[in-house]
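Enquirer: attaching a predicted model along with its sequence, questions to come.
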Amino acid sequence: MRDIKINDEITLGDNKFLMIAGPCSVESEEQIISVAMDLRKIGVNVLRGGAFKPRTCPDSFQGLGEEGLKLLSKAKEVTGMAIITEVMDGDELPLVEKYADIIQIGSRNSQNFSLLKKISKQNKPMLLKRGFGNTVDELIGAAKYLSMNGNKNVIFSERGIRTFEHSTRFTLDISAIPVLHERTDYPVIIDPSHAAGLNRYVEPLALGGTASGADGLIIEVHPDPPSALSDSAQQLTVPQFKDLYLKVQKINNIFGKTMV
């Protein structure tokens, strides 16, 4: 597997497992810094948080924009954590690039080829989420757009696909993990939060993905999920996440992987 250098301290590669956690959206300075400090104490080195939010309904919370990025930067200063956040269009790219250590391409933009071409010109690591209607072939094709200008620092994220089944928000395709490992040299991270849609299902999906050979997890964690301004039903509390983290650590010990 290709080594992905995130910053001077974090490298994702063979026998490494990357844990990313944080709230769906950056809502306030108190919220993002408090949860970042809690996560850092547990052992998480990469903080997620949305500043620009692609919401299905325009009436929903759309994120704090640049103010959200500045708050992520403050959390980074306080904790030393690396930052991953989503870019939604080309106009936002220079701003997101300024603050983020990893640039996230969300599922809705996974086949926005114009945007992918623009992102390909920068040199930071890129987390590419699988579109909920995309095949593995289409996901690999999107990665080729991202790497077309020489930046091979691509990380795949399997976050569930839309099927006939409605018992969960999406159907987590853990079979994509070995297939992507066989066909590419990029790491594969599982997003159990968006696949589950409900926080009580996040842990079993996370453990299943880890045991299936995933190279990391990206999980939504909020200090008070019921009050969250977006995706409140699927976010874990800090204690719930800590319990999951310890279980994931035990699985990785079996495989001889170090959590980074």
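Expert: Everything's here; your move.

Enquirer: and Glu138, that one's in a strand?
Expert: No - checked against DSSP: H, G, I helix; E, B strand; the rest coil, Glu138 lies outside a strand; its state is helix.

Enquirer: so it sits against Phe132, correct?
Expert: No - Glu138 lies out of contact with Phe132 (Cβ atoms under 8 Å); the separation is 11.4 Å. Backbone N, C-alpha and C define where each C-beta goes, glycine included.

Enquirer: more neighbours: these two, which one.
Expert: Taking other Cβ atoms under 10 Å, Glu138 and Phe132 do not tie; Phe132 has more neighbours (18 against 14).

Enquirer: check contacts around that one.
Expert: By Cβ atoms under 8 Å, 6 or more residues apart in numbering, the contact list for Phe132 reads Ser107, Arg159, Gly160, Ile161, Arg162, Phe170.

Enquirer: any of the residues you listed buried? List them.
Expert: With neighbours counted by 16 or more other Cβ atoms under 10 Å, the contacts of Phe132 contain buried members at Ser107, Arg159, Gly160, Ile161, Phe170.

Enquirer: from the residues you listed, which is closest to Ile20?
Expert: For the buried ones among the contacts of Phe132, the closest approach to Ile20 (Cβ to Cβ) belongs to Arg159, at 12.3 Å.

Enquirer: now the closest one: closest residue in space, sequence neighbours ignored.
Expert: Distances taken as Cβ to Cβ, 6 or more residues apart in numbering place Asp191 nearest to Arg159, at 3.7 Å, with adjacent residues excluded.

Enquirer: coming back round to it: of the buried ones among the contacts of Phe132, closest to Leu205?
Expert: Gly160 (8.6 Å).

Enquirer: and that closest one, what's its pLDDT?
Expert: pLDDT for Gly160: 97.

Enquirer: contacts only, for it.
Expert: Contact analysis of Gly160 by Cβ under 8 Å, 6+ apart lists Phe132, Thr168, Arg169, Phe170, Thr171, Leu172, Asp173, Asp191, His194, Ala195.

Enquirer: buried subset of the residues you listed, written for PyMOL?
Expert: Here is the PyMOL command that selects the buried residues among these (16+ other Cβ under 10 Å):
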select buried, resi 132+168+169+170+171+172+173+191+194+195
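
Enquirer: where does pLDDT dip in the stretch 51-200 of the chain?
Expert: By pLDDT under 70, the weakly predicted segments of the stretch 51-200 of the chain are 53-62.

Enquirer: where do the helices sit along it?
Expert: With helices called from DSSP state H, counting those that start in this stretch, the stretch 51-200 of the chain shows them at 66-79, 93-99, 113-119, 136-146, 176-183, 192-196, 199-211.

Enquirer: roughly how far does Asp231 sit from Val202?
Expert: With distances taken as Cβ to Cβ, to the nearest Å, Asp231 is found 11 Å from Val202.

Enquirer: which one of these two is surrounded by more residues?
Expert: Shown here are Asp231 and Val202; by other Cβ under 10 Å, Val202 has more neighbours (26 against 22).

Enquirer: state the distance from that one to Val136.
Expert: Counting by Cβ to Cβ, the gap between Val202 and Val136 amounts to 23 Å.

Enquirer: okay, which residue is most central for the protein?
Expert: Closest residue to the average C-alpha location of the chain: Ile218 at 4.3 Å, with Cα atoms, centre = their mean.

Enquirer: show me what contacts it?
Expert: Ile218 sits next to Ile20, Ala21, Arg48, Ile84, Leu127, Ser157, Ile189, Ile190, Asp191, Ser193 when contact means Cβ under 8 Å, 6+ apart.

Enquirer: hang on, the earlier thing: and of the buried ones among the contacts of Phe132, the nearest to Asp38?
Expert: Arg159 (23.7 Å).

Enquirer: you'd agree the closest one is up against Thr171?
Expert: No - using Cβ under 8 Å, Arg159 is not in contact with Thr171, being 10.6 Å away.

Enquirer: which neighbours do those two share?
Expert: In contact with both Arg159 and Thr171: Ala195, using Cβ under 8 Å, 6+ apart.

Enquirer: now the angle from the helix or strand hosting Asn253 to helix 199-211?
Expert: Using DSSP states H and E, Asn253 falls within helix 238-255. Our comparison of helix 238-255 with helix 199-211, counting by axes from the mean of the first three to the mean of the last three Cα atoms, to 10 degrees, yields an angle of 20 degrees.
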